[in-house]
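Student: dropping the sequence and predicted coords here.
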Amino acid sequence: MRLSPLALAVFLSLSLSGAALAQAPAVSEPVLRAHLSLLADDLFEGRGTGQRGGDLTVRYLETQAALIGLKPAFGNSYRQKVEIEGTRLLPGSSVSFEAGGKRIEPVLGKDIVFGTSSGRTSLAFEAPLLFVGYGVSAPDEKWDDYKDVDVKGKILVMMVNDPQPTSEEPNRFAGKAYTWYGRWLYKFEEAVRKGAAGALLIHTTPSSSYPWSVPANGFSHERFRLAGPGNPVEGWLHEDMARTLFAAGGFDLDALRARAERRDFRPVELKVNARVDLKSGIRQVAQYNVAGVVPGSDPKLKDQAVVYSSHWDHLGMDDEARAGSTGQKDRIYNGAIDNASGTAALLAMAAEAVKKPARRTQVFLWPAAEEAGLLGSAAYVKNPAVPLAKTAADLNLDSLNFAGRTRDIGVPGAERSTLYETAATVAKSMGLKLAPGIPDLSGSYFRADHFNFAKAGVPAFNVGSAVFSGDGHFEFAHDHAASSAKLVGFKKDYHQVSDEYRADWDLSGMVQQAQFTLNLGYAVANAPGMPAWKKGDPFGSVKR
């Protein structure tokens, strides 16, 4: 009987030898903690993109990579240059609206946040608002919010998330789970592709899965992007302001939302005109991915690779002090959990991996500018150290567990490929079980660096994180209620100045996640075959 490539991959993943599973050496808690406490220290100034703290972080990582014994991934260098454009909104910028002879001037930061991704330092224009529902054009779902309407010269107003499931179509757009079409990044990109004058997203906490403070903080900082076309204006509307604007044009926001849930929805002219006056500081910034390799030991397989990734950047230093969850004001977004934890874990893993090379090459990658929109990993995927067709998997670490050991391990997104079966085998060998799958209501699969690998066709997922899995779904080995509450409580510190290192953290769960990821990497690196997608190649077109 001949097995299909998918069946063969599943068979191989379930037939991993004990030697392959046992080969990964033990990750050191003191080493991980030392890196974490230092990377989250004020000394690194929040590891900001385009800031001195980011430069210090890159220097630290490449120094540690050399000390550990990793080989440079990019010729003779551990660095990969990422050309980024930085944009900061300058004082005097404004977006106002006119409807029915009345002028509406939203308060920046409270009612609206906005900026440009056009690369232009000065923009002044007027444009009508056009409501385009979810702003989704998805042939695979037989869905088009744009129909044949020409949106050029118009500012698109749209909802976040996907069209919701119905009793007739309970699985459309993955049911209650998020899809790529629901992400803000997709919506801004689609507005560019359609040639619109801009895009404004309507914020609600349920639809975006985070409070207004997240986009408000994001747009108050310098924003970054890779070179290419962008929206003249883009931003977010607070739901209350959106309701005001719709009413000014004679529409009810909730009624139009309901219409937008139907396939026959067509864009609606809101009878509101926007007046945009933007002044922006634009600069070109060179940032760096850092990567080192442990060459494979097998002459036939060493040209293939497993990638471990974890972004090094956070939000850096702010111009003014802000109050965190403790009420104290601070200027530094230390990003201890997001993502000094993953950065440190990768260093601790690499220190052990060099001692026992696997059959395939192992790449340890610290991407830049993840917080800016997964920019560093996007640049890496365009110019990888190992060709994507020979990259078996990307295993990503982002925002790890600081609340103690668990009896299970989160692998959200692994079920999309045969990595899930391999993960189950590895978990069992560690006395763990896989955490039960839950609907991806926040779109977490599309919010971390592994997604750029997945889009390019490489099986990839993010090993369970404190930020996106910290809602009681981990089964803690000791004092479950208190430990789970710690993870849930972290949500108030997410992207705030209060995400700081604490010496009393129990890092046994963090070490556990790092060890599981390394063990999984070794299992993939030592397996006879490569992982495969379970439903063809859902994101990319890599041919193996």
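Tutor: Nice, thanks for sending it over.
Student: return the distance of the longest helix along the chain from the chain's centre.
Tutor: Across the chain, the longest stretch assigned as helix under DSSP state H is helix 508-526. Distance, stretch centre to chain centre, for helix 508-526: 21 Å (Cα atoms, centre = their mean, to the nearest Å).
Student: same deal with stretch 40-59?
Tutor: Mean C-alpha position of stretch 40-59 versus that of the full chain (Cα atoms, centre = their mean) differs by 20 Å.
Student: my guess is Leu395 contacts Val458, does it?
Tutor: No: between Leu395 and Val458 there is no contact under Cβ atoms under 8 Å: 10.7 Å. C-beta here means a position set from N, CA and C on the backbone, and glycine is covered the same way.
Student: what residues are shared contacts of these two?
Tutor: Val307 (Cβ atoms under 8 Å, 6 or more residues apart in numbering).
Student: check which residues of the lengthiest strand in the chain are buried.
Tutor: The single longest strand within the chain, with elements called by DSSP state E, is strand 268-294. Along strand 268-294, these residues count as buried under the neighbour rule (16 or more other Cβ atoms under 10 Å): 268, 270, 272, 274, 276, 278-280, 285, 287-294.
Student: which residues does the nearest residue to Val268 once chain neighbours are set aside form beta bridges with?
Tutor: Distances taken as Cβ to Cβ, 6 or more residues apart in numbering place Phe131 nearest to Val268, at 4.5 Å, with adjacent residues excluded. Under DSSP bridges, the beta-bridge partners of Phe131 are Val157, Val268.
Student: for Thr205, what are phi and psi?
Tutor: Thr205 has phi and psi values of phi -60, psi -40 when expressed as degrees, to the nearest 10.
Student: from what I see, it and Pro211 are in contact.
Tutor: Yes: counting by Cβ under 8 Å, Pro211 is a contact partner of Thr205 at 5.3 Å.
Student: just want to know which of those two has more residues nearby.
Tutor: More crowded of Thr205 and Pro211, by other Cβ atoms under 10 Å: Pro211, with 16 against 12.
Student: could I get the pLDDT score of that one?
Tutor: pLDDT, Pro211: 91.
Student: Leu43 looks like it's in a helix, true?
Tutor: Yes: judged by DSSP: H, G, I helix; E, B strand; the rest coil, Leu43 forms part of a helix.
Student: nearest residue to it other than its sequence neighbours?
Tutor: Leu56 (7.5 Å).
Student: before we move on, the earlier item: per-residue confidence averaged over the longest strand of the chain?
Tutor: Average pLDDT, strand 268-294: 97.
Student: from Leu39, how far out is the nearest residue to Gly69 once chain neighbours are set aside?
Tutor: Excluding the flanking residues, the one nearest Gly69 by Cβ to Cβ, 6+ apart is Val354, at 4.3 Å. Distance, Val354 to Leu39, by Cβ to Cβ, to the nearest Å: 20 Å.
Student: what about the two, which has more around it?
Tutor: Comparing Val354 with Leu39 by neighbour count (other Cβ under 10 Å), the higher total belongs to Leu39, at 27 against 19.
Student: how many neighbours does the closest residue in space to that one that isn't next to it in sequence have?
Tutor: Sequence neighbours aside, Ala340 is the residue nearest to Leu39 in space, at 4.0 Å (criterion: Cβ to Cβ, 6+ apart). Using other Cβ under 10 Å, Ala340 has 30 neighbouring residues.
Student: what does Glu168 give?
Tutor: For Glu168, the tally of surrounding residues (other Cβ under 10 Å) stands at 6.
Student: swap in Lys535?
Tutor: Other residues near Lys535 come to 8 when the count uses other Cβ under 10 Å.
Student: what's the answer for Asp148, then?
Tutor: 7.
Student: how near is it to Val294?
Tutor: Going from Asp148 to Val294 by Cβ to Cβ gives 54 Å.
Student: again with Gly175
Tutor: As defined by Cβ to Cβ, Gly175 lies at a distance of 40 Å from Val294.
Student: the residue lying farthest from the centre of the chain and Thr166, how far apart?
Tutor: In the chain, Gly101 marks the outermost C-alpha relative to the chain mean, sitting 42.4 Å out by Cα atoms, centre = their mean. Separation of Gly101 from Thr166 (Cβ to Cβ): 40 Å.
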